[in-house]
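Enquirer: Next input, structure requested:
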Amino acid sequence: MIHVMIVDDEAQIAHGIAALLPCEELEIGAVHVAYSAEEALRKLADSPIGIVLTDIRMPDCDGISLLKAIKERWKRTKVIMLTGYADFDYAKEALQGQATDYLLKPVRKDTLEKTVGQAIEQLRGEWEEIASAERAMRTLRTYEPELKAKHLNDLIAGLRMAESELAEKLAWFGLPYGKGDGCILLLARTEHSEGAENREDAALLAYGLENIAEETFSDDFHFWRCRDAHGHLVFLVKPVGRADSLSPEGEKSAIRDAERCAVLFHKHAEQFLKANVTLYMSGIGEFPSEVPDMYERTLSAIRDGSSPQGQFLIKADEARTAEPGYLRCLHEPPLLRHLFEIGDWDAIGDKMNRALEYTDAPDGSKTEQSAEVYLTFAAALCTHLHKRGRRLTEFLGRVPGPSPDSAFLWTPVRLKSWISEILDLLRKEGDERAGGRSDAIVRLQQFIAERLAEDLSLQRMADYIYMHPTHLSKIYKKETGEGISEYLTHLRMERAAQLLGSTDVKIYEIGCMTGYMNANYFIKVFRRQFGATPQEYRERLRRDS
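Expert: Presented below is the predicted three-dimensional model:
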């Protein structure tokens, strides 16, 4: 409850005003009385006084001087000046000096109650706002390790973001990585542990390994970690104090230091956690552009079984691995179905062309990779048409050339031509409808996809593309066929489901990572989307796997 103090050199007036205050109605905790400015300042130092009513004229120190002294030390304390008609100009000066309000003597009970009540509401509002901001910051700091890990997961998955936005996030998290910096990626896989007999033990083991790795590498490297979708530990390290890590000499030195730290990490993991860890290490790469390729190369070394008996440190760049058959560019963000959703036909064409470049590899995987390109594209196209109440067969009837029944036998050139014809038709239909989907909606979709963990109000999204919120809602619904909040919820739930299936992160943490700070509300939305609670969904995935 708020404390109030009356300051007046005339004790009768001070106590009279104090008696007029309706403490119970205004929820005032205590009323203090002071007869001088000096006494008032002492009581302010000793008690949590939120509101001061002071006479504007006192023998030792006038109210204006007392106001300035209060604002210097207790800037949120509200000061109401008590003045006579003859001091009205003086009172205006007080208001300019940050006084909250003024009251004319003799003070009327109703006016006093109204003025003090308004000051109390103002003070409570300010503290509630401060408390809310502090709670938000505490929450963010609590989940900072998970948010940092999610950011690294986005990087290794190839999620693209503006250079300025990346720099802003890195600065907020205190991560000293910048464009063009040389860094090394290590991927750790636990081969065996005596204590990790269940998932909880495995999670504790991973936590212990992360701490040991950070302690081991931190003297020579800046350290950033996450767990990927396969449960592997991923460490991105950058040499401390070396601006030449991309030079030949700097690269050799950084690799030597990383190998030394990796050996120590393996020994410490074996000694303290009884864990047998195999490390796959990339060469030096440029941040952030080469990070996805560094991760893919280390992952390929695992997939191809490049782990000779007794060897715990594998250099992915030197491992004798075949060219990966996995078309990473086809499945990295932005996903194909999201590009269909926003009608970005050019981006779809670019993604498909990049994927088709790999189908000419002379390693026998040509037919299978072409089939992967065709099936992925056809599935996204089918979903796009069905969401708009259209039939695939009717749409394909308008596409010139042979039927896709024999698509598995097509050459990459023929498949590329067929995809191009379909995109041309979709682009033409969009132009005929309303001049095509606006660039603003495309940018908004990308903005949303990159910020699922953040507070995405309609006003914030509208401000991003310089639209009025009401107009944005109408345009979005018209161009995409669904509401903007439905799209946001859909993306968040997909992300939550992916995290539930691929990580051991706690339910409430996944909620925060997908924009739901209230765990109960997150569970409610998830159940509505999937017909099961997050815990039930996770257990079902584990049973089926």
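
Enquirer: So which residues of the stretch 301-450 of the chain form helices?
Expert: 328-331, 336-342, 345-357, 366-387, 392-396, 412-434, 439-449 (DSSP state H, counting those that start in this stretch).

Enquirer: what helices or strands is the fifth one leaning on?
Expert: In other words, helix 392-396. Judged by 3 or more C-beta pairs under 8 Å, 6 or more residues apart in numbering; DSSP states H and E, helix 392-396 is in contact with helix 366-387. Quick note: C-beta positions are derived from backbone N, CA and C, even for glycine.

Enquirer: relative to helix 412-434, how tilted is the helix it packs on?
Expert: 10 degrees (axes from the mean of the first three to the mean of the last three C-alpha atoms, to 10 degrees).

Enquirer: Centre of the chain to helix 366-387, how far?
Expert: 31 Å (C-alpha atoms, centre = their mean, to the nearest Å).

Enquirer: What residues of that helix count as buried?
Expert: Residues of helix 366-387 classed as buried by neighbour count (16 or more other C-beta atoms under 10 Å): 369-374, 376-378, 380-381, 384-385.

Enquirer: Tell me which of the helices of the stretch 301-450 of the chain lies nearest to Tyr35.
Expert: With C-beta to C-beta as the criterion, Tyr35 lies closest to helix 439-449 of the helices of the stretch 301-450 of the chain, at 60.4 Å.

Enquirer: residues in contact with that closest one?
Expert: 333-334, 338, 341-344, 456, 461, 464-467, 472, 475-476, 479-480, 487-488, 491 (C-beta atoms under 8 Å, 6 or more residues apart in numbering).

Enquirer: got CSV for the buried residues of helix 366-387, with distance to Glu38 and pLDDT too?
Expert: Shown next, in CSV, are the buried residues of helix 366-387 (distance: C-beta to C-beta, whole Å; pLDDT from 0 to 100):
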residue, distance to Glu38, pLDDT
Gln369, 85, 79
Ser370, 89, 80
Ala371, 88, 81
Glu372, 83, 85
Val373, 83, 88
Tyr374, 86, 87
Thr376, 79, 90
Phe377, 81, 91
Ala378, 84, 89
Ala380, 77, 90
Leu381, 81, 91
His384, 77, 86
Leu385, 81, 88
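
Enquirer: Just put those residues in CSV and tack on distance to Glu357.
Expert: Shown next, in CSV, are the buried residues of helix 366-387 (distance: C-beta to C-beta, whole Å):
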residue, distance to Glu357
Gln369, 10
Ser370, 12
Ala371, 16
Glu372, 13
Val373, 10
Tyr374, 15
Thr376, 15
Phe377, 15
Ala378, 19
Ala380, 19
Leu381, 21
His384, 24
Leu385, 27
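
Enquirer: Check which residues of the helix or strand encompassing Ala258 are buried.
Expert: Ala258 is part of helix 248-273, with elements assigned from DSSP states H and E. By neighbour count on 16+ other C-beta under 10 Å, the buried set for helix 248-273 is 250-251, 253-255, 257-258, 261-262, 265-266, 268-269, 273.

Enquirer: Likewise for stretch 419-433?
Expert: 419, 422-423, 425-427.

Enquirer: Over to stretch 222-242?
Expert: 222-228, 232-239, 242.

Enquirer: do stretch 173-183 as well
Expert: 173, 175, 177, 181-183.

Enquirer: And stretch 514-526, by the same measure?
Expert: Residues of stretch 514-526 classed as buried under the neighbour-count rule (16+ other C-beta under 10 Å) are 514-517, 519, 522-523, 525-526.

Enquirer: with those in mind, which one is nearest to Ala355?
Expert: Ranked by distance to Ala355 (C-beta to C-beta), the buried residues of stretch 514-526 are led by Thr514 at 28.4 Å.

Enquirer: so how far is Ala213 from Gly241?
Expert: Using C-beta to C-beta, to the nearest Å, Gly241 is found at 20 Å from Ala213.
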